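Enquirer: Next one to model:
(2 chains)
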Amino acid sequence: QKEVEQNSGPLSVPEGAIASLNCTYSDRGSQSFFWYRQYSGKSPELIMFIYSNGDKEDGRFTAQLNKASQYVSLLIRDSQPSDSATYLCAVRNNFNKFYFGSGTKLNVKP
Amino acid sequence: DTEVTQTPKHLVMGMTNKKSLKCEQHMGHRAMYWYKQKAKKPPELMFVYSYEKLSINESVPSRFSPECPNSSLLNLHLHALQPEDSALYLCASSQEVGTSGAYEQYFGPGTRLTVT
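Expert: Numbering: from 1, shown residues only, chains lettered A, B, ... in the order given. Next comes the predicted model:
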């Protein structure tokens, strides 16, 4: 079983719609959770982090964490073509090891 | 400022060469990381330094040798690499090593390495 699982996509949404990206993790002792955006040929860029159950909002982005279900999600409101990228979910455990999911490719169509 | 810098941006080396990758951060972070990323794959952790000491080595071959000269700098020394080692090498840093808080990682732009 992989530490972090994501649907590889591609996820296609029209411009202006809400994109919903999901991630599950296997280690119940995981402490904190991150969403990175990665454009082709570039390095990952941190866009959200969360470590308490519930929702965390930052502009058009909302991260949701449910530790009981071992589930993390990222909502992108008013999706723009510039949001088209691969979104990586990452999880940090008690030993400061970070595990990345395989990423979900998002296409936002104009 | 959340900047991590890496040099060089691109590196081409032969299998008998010795080269080094450099990483620098001035955010006061005490944990630094090396990752390897192949095309269309997620980053794979190689090494973690915590307070300038190597804390995690993910069974990386000895042809990769990390070094942390001080809290701001991280090097990766390369020797006798194989063509399959060609990848994007990413450096990252985070504030602390511990069990509480987010301690988010920030990545540098990476070094694109090609081994011929």
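
Enquirer: buried residues in stretch A:33-49?
Expert: Buried positions in stretch A:33-49, judged by neighbour count with 16 or more other C-beta atoms under 10 Å in any protein chain shown: A:F33, A:F34, A:W35, A:Y36, A:R37, A:Q38, A:S43, A:P44, A:L46, A:I47, A:M48, A:F49. C-betas here are computed from N, CA, C, even on glycine.

Enquirer: brain fart, stretch A:57-64
Expert: Buried residues in stretch A:57-64 (16+ other C-beta under 10 Å): A:F61, A:T62, A:A63, A:Q64.

Enquirer: What's the mean pLDDT across that stretch?
Expert: Averaged across stretch A:57-64, pLDDT comes to 97.

Enquirer: Relative to A:V91, how far out is whatever residue of chain B ends up closest to chain A?
Expert: Closest to chain A within chain B is B:P42: 3.7 Å, counting by C-beta to the nearest C-beta. From B:P42 across to A:V91, the span is 12 Å (C-beta to C-beta, to the nearest Å).

Enquirer: Show me the two of the buried residues of stretch A:33-49 that sit farthest apart.
Expert: A:F33 and A:S43 (19.4 Å; C-beta to C-beta).

Enquirer: tell me the contacts of residue 3?
Expert: Unless you meant another one, I'm taking chain A. A:Y25, A:S26, A:D27, A:V91, A:Y99 (C-beta atoms under 8 Å, 6 or more residues apart in numbering or on different chains).

Enquirer: wrong chain, I was asking about chain B
Expert: Listed by C-beta under 8 Å, 6+ apart, the contact set of B:E3 reads B:Q25, B:H26, B:M27, B:Y106.

Enquirer: Which secondary structure elements does the helix or strand of chain A with the lowest mean pLDDT sit against?
Expert: Among the helices and strands of chain A, strand A:98-100 carries the lowest confidence by mean pLDDT, DSSP states H and E, at a mean of 91. If you count contacts as 3 or more C-beta pairs under 8 Å, 6 or more residues apart in numbering or on different chains; DSSP states H and E, strand A:98-100 packs onto strand A:85-92.

Enquirer: The strand it packs on packs against which elements?
Expert: Right, strand A:85-92 is packed against strand A:4-6, strand A:19-25, strand A:32-38, strand A:71-76, strand A:98-100, strand A:104-109 by 3+ C-beta pairs under 8 Å, 6+ apart.

Enquirer: mean pLDDT for those strands: which is lowest?
Expert: Among the helices and strands packed on strand A:85-92, strand A:98-100 scores lowest, at a mean of 91.

Enquirer: Spell out which residues of chain A are next to chain B.
Expert: Residues of chain A lying close to chain B (C-beta under 8 Å from any C-beta of the partner chain) are A:31-32, A:34, A:36, A:42-46, A:49-51, A:88, A:90, A:92, A:94-103.

Enquirer: Count residues in the vicinity of the spatially closest residue to B:P42 that is not a sequence neighbour, would you?
Expert: Distances taken as C-beta to C-beta, 6 or more residues apart in numbering or on different chains put A:F100 closest to B:P42, at 3.7 Å, once the chain neighbours are dropped. Applying other C-beta atoms under 10 Å in any protein chain shown, we find 25 residues neighbouring A:F100.
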